[in-house]
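Structural data only, the sequence is not supplied:
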């Protein structure tokens, strides 16, 4: 579409898109108060290739001031990107694409599990010889895969726990325990009787 564009034309385009996104979110199990819907218009100066995505402030109650404010925002964004005076409204302005994005928000519920055995050996991946700074010696100690550990497992340092996103090193005086939410909780102590 090319300017002039009316509020009614925008309403005819956006209303069915918004309704469809509401239905998709509802079908996915999201309550209306746990959703956010936003809109955008891709705009450009006629016969130009550079398109700017303009966020739409509201997706209801379209009026002529709404059209003008989005055109003004396009021109401001265009000048920010391509320098002051780079735009030329007399060339015409095209409304290239209309987009609606829906986001559903859920309150995560913690995955609570019963605490089991303290023995972490099912999660043992390997034993590794490494330097233990708090004992000032090389020592062989266990390395565990986080995915193999279960709630209730207790890991006495020195030890290593590997996960896909990080490596946790327990010093000789540290104790790790897997809680009911499968978090690895590390109790740091200055010394532990041997």
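Okay, I see it. Treat the numbers as computed from the prediction; the structure is a model and nothing was measured.

Break the chain into its domains for me.
7-104, 121-187 (automatic domain parsing).

which one of those domains has the lowest average pLDDT?
The weakest mean pLDDT among the domains of the chain belongs to domain 7-104, with a mean of 89.

Centre of the chain to it, how far?
Distance of domain 7-104 from the chain centroid (Cα atoms, centre = their mean, to the nearest Å) equals 23 Å.

Kindly report the same for stretch 101-120.
Computed by Cα atoms, centre = their mean, the separation of stretch 101-120 from the middle of its chain amounts to 17 Å.

contacts for it?
Here stretch 101-120 makes contact (Cβ atoms under 8 Å, 6 or more residues apart in numbering) with 21-22, 24-25, 28-30, 34-40, 142, 144, 149-155, 178-182. Yep, even glycine has a C-beta here, placed from its N, CA and C like the rest.

Buried subset of the residues you listed, written for ChimeraX?
Of the contacts of stretch 101-120, the buried ones can be selected in ChimeraX as follows, counting by 16 or more other Cβ atoms under 10 Å:
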select :21,22,25,30,35,38,39,40,142,144,149,150,151,152,153,155,178,182
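
Restricted to helices, list the contacts of stretch 101-120.
Under the assignment DSSP state H, the contacts of stretch 101-120 contribute 21, 22, 24, 25 to helices.

Including distance to residue 6, could these go into CSV?
Shown next, in CSV, are those (distance: Cβ to Cβ, whole Å):
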residue, distance to residue 6
21, 23
22, 24
24, 28
25, 29
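
So which residues of this protein form strands?
35-45, 52-56, 93-104, 124-132, 137-145, 154-156, 159-162, 167-170, 175-178, 184-187 (DSSP state E).

what helices or strands is the fifth one leaning on?
So the one you mean is strand 137-145. Contacts defined by 3 or more Cβ pairs under 8 Å, 6 or more residues apart in numbering; DSSP states H and E place strand 137-145 against strand 124-132, strand 159-162.

What strands line up against it, and which way round?
strand 124-132 (antiparallel), strand 159-162 (parallel) (DSSP bridges).

so how far is it off the chain centroid?
For strand 137-145 - counting by Cα atoms, centre = their mean - the centre lies 35 Å from the chain centre.

now do the last one
Per Cα atoms, centre = their mean, the displacement of strand 184-187 from the mean C-alpha position of its chain is 26 Å.

distance of residue 89 from residue 44?
12 Å (Cβ to Cβ, to the nearest Å).

More neighbours: those two, which one.
residue 44 (18 against 12; other Cβ atoms under 10 Å).

On the strand side of things, show who the more buried one bridges to.
Using DSSP bridges, the beta-bridge partners of residue 44 come out as residue 94.

Can you tell me how far it is from residue 32?
In terms of Cβ to Cβ, residue 44 sits 34 Å off from residue 32.

do residue 17 as well
From residue 17 over to residue 32 (counting by Cβ to Cβ), the distance is 17 Å.

same deal with residue 15?
To residue 32, residue 15 is 16 Å away according to Cβ to Cβ.

if we can go back for a sec, more neighbours: which of residue 17 and residue 32?
residue 17 (17 against 9).
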